[in-house]
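Colleague: Quick one: sequence and predicted model below, then my questions.
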Amino acid sequence: RRREKSRVDLDSWLASLSQSERTVQQPAEGLVLHAELSEGQGRVTNVSVGNESVSGELNEHAVWKEGPHDRAALEPNGTVFVHPDAGNFDDDDPFAVSVWVNATANDSSGPIIARMDTPAGHRGWDVLVSGRRIMPHLIHDWPDVAIKVKTKEQLPANQCVHVAVTYDGSGYASGVKIYFNGQLQQTDHERDSLAGTTRTDAPLEIGRRHGSTRLGGVAIADLRLYGRGLSPLQITTLAQGERLAALLAGSVAAGSDDDRNLLADYRLYRFDPEYAQLEAELTGLRIEETTIRRRGTIGYVMTERDEP
């Protein structure tokens, strides 16, 4: 009902906005790490971790590429940033990753971001690209106590696509959602049995699992890590921020249904306090449901260890 209300008198609402209200506000609450990866030259990239700005030294194989919206992107080809503390989530901690991805047509693969201890049963988590499919893992001990989810559809080759991955802290593969350009994707659940910590002493790395697989043939930009989940409307704002900015500024007309829906959803997300309250209450109920579900008993079937 509130979404329907947000579409009423849309033109009048848009005309009433002040200059400051026409600036797109991307989700900032719970932002753990933000790596723009858009310098376009040089061998250093700056990453925001909390309120701190940290420099990452690029490895010799890293290459600057063309990124989204006429900005640069980085093809890491190995580790480009390491942090000892960021992103050490437990199995019941919700979190989210937002990033622009440009994968080549060949079998580009590797972790976009990971906090994973490979020798210790691959404990930790990552967001991986494999065969142009997005594949998050959350692992206590691979392969028996783990979540592995994979998109059914591939990313289009040689195109910048916004990818968002969210996890609700439930311990179930159904709690992992993956979006391409703001659209929820169908997924396969290849592992669905997580009960046990995913915390690890291994550091967080961009472009590589600690001491293991590296990201190759994939350029990334505007990488954000949140210590909470993201709503579909927030993911849309991250994916469609440039278009939304143009619509709010009036530099393009909101003539299509898609544009008007984008504006209406942003109106709901940013300017409707009751919607924000309802969304917070719903999040609280989901956390409560997760707590209750996790009290159940889970049995494990031992299988041969392989590489996740």
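Modeller: It's in.

Colleague: Against T237, how distant is the residue nearest to the spatial centre of the chain?
Modeller: Of all residues in the chain, the one closest to the mean position by Cα atoms, centre = their mean is V97, 2.0 Å from it. According to Cβ to Cβ, to the nearest Å, V97 and T237 sit 15 Å apart. Every C-beta, even on glycine, is put in place using the N, C-alpha and C of the backbone.

Colleague: before we move on, the earlier item: isn't the residue nearest to the centre of the chain right next to G227, touching?
Modeller: No: applying Cβ atoms under 8 Å, one finds V97 not in contact with G227, separated by 11.1 Å.

Colleague: returning to what we had before: the residue nearest to the centre of the chain - that's part of a helix, no?
Modeller: No: counting by DSSP: H, G, I helix; E, B strand; the rest coil, V97 is not found in a helix; it is strand.

Colleague: please renumber so the chain begins at 19
Modeller: Done: numbering now begins at 19, and the last item shifts to V115.

Colleague: For it, name its beta-bridge partners.
Modeller: V183, L243 (DSSP bridges).

Colleague: Roughly how far does it sit from I310?
Modeller: For V115 relative to I310 (Cβ to Cβ), the value is 27 Å.

Colleague: residue contacts, W143?
Modeller: G105, F107, F113, A132, R133, M134, P154, H155, L156, I157, Y185, T216 (Cβ atoms under 8 Å, 6 or more residues apart in numbering).

Colleague: which secondary structure element contains the fourth one?
Modeller: For A132, the enclosing helix or strand under DSSP states H and E is strand 127-135.

Colleague: can you dump the C-alpha coordinates of the helix or strand that that strand is followed by into CSV?
Modeller: Scanning forward in sequence from strand 127-135 by DSSP H and E, the next helix or strand is strand 141-148. This file holds the C-alpha atoms of strand 141-148, laid out as CSV (Å, rounded to 0.1, in the frame of the first residue of the first chain):
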residue,chain,number,x,y,z
ARG,A,141,36.5,-21.2,7.3
GLY,A,142,35.1,-17.8,6.6
TRP,A,143,33.2,-16.3,3.7
ASP,A,144,33.7,-15.0,0.2
VAL,A,145,31.9,-13.7,-2.9
LEU,A,146,33.4,-15.6,-5.9
VAL,A,147,33.1,-15.4,-9.7
SER,A,148,33.2,-18.7,-11.5
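
Colleague: Report the mean confidence score over strand 141-148.
Modeller: Strand 141-148 carries an average pLDDT of 97.

Colleague: How far away from the center of its chain is that strand?
Modeller: A distance of 12 Å separates the centroid of the chain from that of strand 141-148, by Cα atoms, centre = their mean, to the nearest Å.

Colleague: Equivalent analysis for stretch 30-45, please.
Modeller: For stretch 30-45, the distance to the chain centre is 25 Å (Cα atoms, centre = their mean).

Colleague: buried stuff in it?
Modeller: L32, V42, P45 (16 or more other Cβ atoms under 10 Å).

Colleague: how about the first one, secondary structure?
Modeller: For L32, the assignment made with three-state DSSP gives helix.

Colleague: Check which helix or strand the closest residue to it other than its chain neighbours maps to.
Modeller: Closest residue to L32 apart from its sequence neighbours, by Cβ to Cβ, 6 or more residues apart in numbering: L281 at 6.6 Å. Using DSSP H and E, L281 maps to helix 275-289.

Colleague: next one: Q252
Modeller: helix 250-257.

Colleague: what's the helix or strand that that helix is followed by packed up against?
Modeller: As assigned by DSSP H and E, the chain's next helix or strand after helix 250-257 is helix 259-267. Helices and strands touching helix 259-267, as assessed by 3 or more Cβ pairs under 8 Å, 6 or more residues apart in numbering; DSSP states H and E, comprise helix 275-289.

Colleague: and the helix it packs on, how far from the chain's centre?
Modeller: That offset, for helix 275-289, works out to 21 Å (Cα atoms, centre = their mean).

Colleague: Show me what counts as buried in that helix.
Modeller: Neighbour-count burial for helix 275-289 flags D277, R278, N279, L280, L281, A282, D283, Y284, R285, L286, Y287 (criterion: 16+ other Cβ under 10 Å).

Colleague: what about the stretch 169-318 of the chain, any weak spots by pLDDT?
Modeller: 294, 298, 301-302, 304-305, 308-309, 311-318 (pLDDT under 70).

Colleague: Once you drop chain neighbours, what's closest to G74?
Modeller: Distances taken as Cβ to Cβ, 6+ apart place F99 nearest to G74, at 3.4 Å, with adjacent residues excluded.
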